[in-house]
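> Need coordinates for the following:
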Amino acid sequence: MKKHHFLAFDLGASSGRAMLGTLENKRLKLTEVHRFENRMTRIHGSYYWNIYSLFEELKTGLKKCISGLNIRPQSIGIDTWGVDYALVMPDGRLTGLPYAYRDHRTDNAMEDFFRIMPKKDTYLISGIQFMQFNTLFQLFSSVLQKDPALRVAEDLLFTPDVLNYLYTGVKKNEYTIASTSQLLKPGKPEWEYKLIEAAGIPGKLMGDIVLPGTVLGTVLPEIDEQTGCGNIPCIAVASHDTASAVVSVPSEGENWAYLSSGTWSLLGIETAAPVVSEKSLEMNFTNEGGAELTTRFLKNIMGMWLIQECKRIWDHEEKLSWQQIVDLSNAAKPFKCFINPDSPSFLNPENMSVAIQEFCRNSHQPVPESKGEIARCIYDSLVLKYKYTLKQIEDVTGRKIEKIHIIGGGANNVMLNQLTADATNIPVVSGPTEATAIGNLLMQAKALGVVDSLTEIRQIVRDSFEVKTYQPAANPGWEDAFEKFKNII
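Residues are numbered from 1 along each chain as shown. Here you go, the predicted structure:
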């Protein structure tokens, strides 16, 4: 049978890569073509993304695929993290570098907005978890600060849509990435203008929304000149990285949860319709768009950012591998202390280790001193937050979770996977680790008619990639730890 080649650009908040997918006989093979760092840029006290540098890296990846591997992909697709955006002027230029979601300009934005529209009303018409960096609050901050970019801009584009625009000249926002903004109606690819008007956001910025699997157009001639790619299409995949990751969950049946484990831990279930109620508001769950108009009912949990930031600080003294950190954690005493992973103090501190120690001190717990104790505190707290969140999901939906699929880079962390199984007393299936790129690639295949449905995509994933199952090990200490953890959070 014919081989089909697709190129996925998968951008996270700390790194990005170009992944070639080759589909043959309903089996998908991955080849990493290019990998690069991505970091926030701090300018005059504010944090931004260097969108132009990222675009250059994407073109480098495309060129390497063509000239290095001698493969011209049938299409390209881009996914990124959520909520961030850029503004485009009438002449087609961006107004400037996009803000990064960890910028502190939104620190008080939610409270200020709730004076205009109450919290309950905001949730019931959006269905989105409250986080200070949601696009709604980012834009509201710009309104309060009288940002001149809002006056001169004609269009708002989310991060993957900006990159699609730079490739094609086509300005469209893809549904799954737009759904992270808190500016859409729950479960619908439609702007919620009650929120837009309440925030004072110019309505002219809100352009067309397209569904995952839409062919946006072909790449511009200037891109062909630089890469030799020819006249290839650019696909709007499930452009939010978590949406792409969920596409590739190798699941069967209904009673499963996914944990997309990376810088953030996205823990939730796939539903046919949004779950929006006073109860889901109280638990602060989100309803984001998925492929084939499914809903990702989930909770954003701070995730591996906690340990990534500790490692960044520790590397100034002594460079440790990830495995060395896991080994130090495994040797430390469990359940010594806990943090709430989602405390605002961990969003973007100068020193994560110090922030964790201060949290423990302020909550009258033993203070972790060594690197191993700090790492163990993080891992114990994360898996207990997973347990807490799963119980909330079961409570609000009535669905009994019988299996947890851990996908993404965190699926490589054997210790964390086993701890998750032990703490939750639910079997954990880890893999595939490249879930986001796989979902991106297979949504391109769907857009071009090579595969037919989300069901077929998941069958291809099951047939193409190995997974590992972790069975819960009996440890009564987890229940006592869970009671202490609940008191902490």
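
> where in the chain is pLDDT low?
Within the chain, the segments meeting pLDDT under 70 span 1.

> need the strands for the stretch 301-450 of the chain, in chain order.
403-407, 428-430 (DSSP state E, counting those that start in this stretch).

> ok, residue 464 touching residue 22?
No - counting by CB atoms under 8 Å, residue 464 does not reach residue 22; the two are 10.5 Å apart. Any C-beta I mention is one placed from the backbone N, CA and C, and that applies to glycine too.

> neighbour count winner among these two?
Taking neighbours as other CB atoms under 10 Å, residue 464 and residue 22 compare with residue 464 leading, 19 against 16.

> Would you mind listing the residues touching both of residue 464 and residue 22?
28, 29 (CB atoms under 8 Å, 6 or more residues apart in numbering).

> re the thing from before, turn the strands of the stretch 301-450 of the chain into a markdown table, columns for mean neighbour count and distance to residue 226.
Converted to a markdown table, these look like this (neighbours: other CB atoms under 10 Å; distance: least, CB to CB, whole Å):
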| stretch | mean neighbour count | distance to residue 226 |
| --- | --- | --- |
| strand 403-407 | 24 | 34 |
| strand 428-430 | 24 | 39 |
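
> Quick check: which of those is nearest to residue 80?
Of all the strands of the stretch 301-450 of the chain, strand 403-407 sits nearest to residue 80, with 17.0 Å by CB to CB.

> Mind listing the strands the closest one pairs with, and their directions?
Sheet partners assigned to strand 403-407 using DSSP bridges are listed as strand 256-261 (parallel), strand 428-430 (parallel).

> which other residues reach it?
Here strand 403-407 makes contact (CB under 8 Å, 6+ apart) with 245-246, 248-251, 255-261, 386, 390, 417, 420-421, 424, 426-433, 435.

> Give me the buried stretch members for stretch 218-229, please.
Applying a neighbour-count criterion of 16 or more other CB atoms under 10 Å, one finds 218, 219, 223, 227, 229 buried in stretch 218-229.

> and what of stretch 423-443?
Buried residues in stretch 423-443 (16+ other CB under 10 Å): 423-424, 426, 428-443.

> Please apply the same query to stretch 125-145.
Buried residues in stretch 125-145 (16+ other CB under 10 Å): 125-142.

> One more: stretch 449-463?
So stretch 449-463, judged by 16+ other CB under 10 Å, has buried residues 450, 451, 454, 457, 458, 460, 461.

> Just put these in a markdown table and tack on distance to residue 178 and secondary structure.
Shown next, in a markdown table, are the buried residues of stretch 449-463 (distance: CB to CB, whole Å; DSSP: H, G, I helix; E, B strand; the rest coil):
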| residue | distance to residue 178 | secondary structure |
| --- | --- | --- |
| 450 | 26 | coil |
| 451 | 24 | coil |
| 454 | 19 | helix |
| 457 | 22 | helix |
| 458 | 24 | helix |
| 460 | 27 | helix |
| 461 | 25 | helix |
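
> Would you mind putting these into JSON lines with distance to residue 395 alongside?
As requested, the buried residues of stretch 449-463 are arranged in JSON lines below (distance: CB to CB, whole Å):
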{"residue": "450", "distance to residue 395": "41"}
{"residue": "451", "distance to residue 395": "36"}
{"residue": "454", "distance to residue 395": "27"}
{"residue": "457", "distance to residue 395": "30"}
{"residue": "458", "distance to residue 395": "27"}
{"residue": "460", "distance to residue 395": "34"}
{"residue": "461", "distance to residue 395": "30"}
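
> Longest helix in this structure, please.
The residue-count maximum for a helix in the chain (DSSP state H) belongs to helix 371-397.

> Next, the buried residues of that helix.
For helix 371-397, by 16+ other CB under 10 Å, it's 371-390, 392-393, 396-397.

> where do the helices sit along the stretch 301-450 of the chain?
305-314, 322-331, 352-362, 371-397, 414-424, 435-447 (DSSP state H, counting those that start in this stretch).

> Could you tell me the angle between the third one and helix 305-314?
Orientation check (axes from the mean of the first three to the mean of the last three CA atoms, to 10 degrees): helix 352-362 against helix 305-314 gives 120 degrees.

> Helix 352-362 to helix 371-397, inter-axis angle?
In terms of direction (the same axes, to 10 degrees), helix 352-362 departs from helix 371-397 by 70 degrees.

> packing partners for the strand or helix carrying residue 478?
If you go by DSSP states H and E, residue 478 is part of helix 477-488. Helix 477-488 is packed against helix 371-397, helix 414-424, with contacts defined by 3 or more CB pairs under 8 Å, 6 or more residues apart in numbering; DSSP states H and E.

> Can you add distance to residue 408 and give the ones you listed back as JSON lines?
Shown next, in JSON lines, are those (distance: least, CB to CB, whole Å):
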{"stretch": "helix 371-397", "distance to residue 408": "14"}
{"stretch": "helix 414-424", "distance to residue 408": "12"}
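
> On the three-state scheme, residue 22 is what?
Under the three-state scheme (DSSP: H, G, I helix; E, B strand; the rest coil), residue 22 adopts strand.

> Can you say which of the helices and strands packed on helix 477-488 is nearest to residue 151?
Of these, nearest to residue 151 by CB to CB is helix 371-397, at 41.1 Å.

> Specify the angle between that closest one and helix 414-424 in degrees.
40 degrees.

> Could you give the separation of helix 371-397 from the chain centroid?
18 Å (CA atoms, centre = their mean, to the nearest Å).

> could you give the angle of it to helix 477-488?
Orientation check (the same axes, to 10 degrees): helix 371-397 against helix 477-488 gives 80 degrees.

> Begin at 35 from now on, thanks
That works, and once the first residue is 35, the last one we named lands at helix 405-431.

> all strands of the stretch 85-234 of the chain, in order?
110-113, 119-122, 189-192, 207-208.

> Can you redo these as TSV, where the extra columns are distance to residue 319?
Output for these, formatted as TSV (distance: least, CB to CB, whole Å):
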stretch	distance to residue 319
strand 110-113	22
strand 119-122	23
strand 189-192	21
strand 207-208	22
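
> Looking at the ones you listed, which is nearest to residue 502?
When these are compared (using CB to CB), the closest one is strand 110-113, at 24.7 Å.

> For the closest one, output the C-alpha coordinates as CSV.
Taking C-alpha atoms only, strand 110-113 is exported to CSV below (Å, rounded to 0.1, in the frame of the first residue of the first chain):
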residue,chain,number,x,y,z
ILE,A,110,1.8,20.2,7.6
GLY,A,111,0.0,20.9,10.9
ILE,A,112,0.8,22.9,14.0
ASP,A,113,-0.3,22.5,17.6
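
> Quick one: closest of the strands paired with strand 437-441 to residue 151.
Using CB to CB as the criterion, the shortest distance between residue 151 and the strands paired with strand 437-441 is 30.1 Å, found for strand 290-295.

> Cool, thanks, signing off.
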